[in-house]
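# the amino acid sequence is not available; the structure is as follows:
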């Protein structure tokens, strides 16, 4: 009986908790993250999983690659169970051959929340959608129209590249190319005002 009381007292006592020795590994020193000196030297990669199958190959995940200097993204459909070789070939065929750069450091993070990207899809199309739900035919359905998310990746990339980012106070297109492309919705907004 008294052993339980002692254990509860030690758990609640600040002095007992502070005097306990740490049993885990000691934390290392913080290191400064390298700042890129030019475009496409350092990129971040993020896998978005849990997507419904899309495209002619039944892709169920997306690979997001963002240049750390200009914040320019590349959105690529892929499979959740792709191997390291599959990912390397995807990056080689779709990124390296499309861009000219010499060194790349890859910083990765895994994400399982595609809801943010779905909201960007619907914002770009100009149609509000409270939620995107997988349908029985494995595409995304929103208010009576069906979206195959793979076909919308170029539009998502364009929307991201032409949005002002708080960290740079510029759009990735301005940082990458020095200009923003003229978008169809820009012409429509002029006529509506």
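Cool, got the structure. Predicted model, so just to flag it, every value in this text is computed and none were measured.
# can you name every helix or strand that the helix or strand hosting residue 51 contacts?
Using DSSP states H and E, residue 51 maps to strand 42-54. If you count contacts as 3 or more C-beta pairs under 8 Å, 6 or more residues apart in numbering; DSSP states H and E, strand 42-54 packs onto strand 59-67, strand 105-111. Every residue, glycine included, has its C-beta placed from N, CA and C.
# rank these by pLDDT, which is bottom?
Lowest mean pLDDT within those: strand 105-111, at a mean of 34.
# can you get me a residue count around the closest residue to residue 151 other than its chain neighbours?
Computed as C-beta to C-beta, 6 or more residues apart in numbering, the closest residue to residue 151 that is not its neighbour in sequence is residue 55, at 7.4 Å. Close neighbours of residue 55, defined as other C-beta atoms under 10 Å, add up to 13.
# which residues does residue 55 contact?
77, 148, 150, 151 (C-beta atoms under 8 Å, 6 or more residues apart in numbering).
# out of the residues you listed, which comes closest to residue 4?
residue 77 (56.5 Å; C-beta to C-beta).
# let me see the mean pLDDT of the strand or helix carrying the closest one.
Here residue 77, judged by DSSP H and E, is contained in strand 73-78. Across strand 73-78, the average pLDDT comes to 92.
# quick check: next helix or strand after it?
helix 84-91.
# which parts of that next one are buried?
87, 90, 91 (16 or more other C-beta atoms under 10 Å).
# what angle sits between it and strand 73-78?
130 degrees (axes from the mean of the first three to the mean of the last three C-alpha atoms, to 10 degrees).
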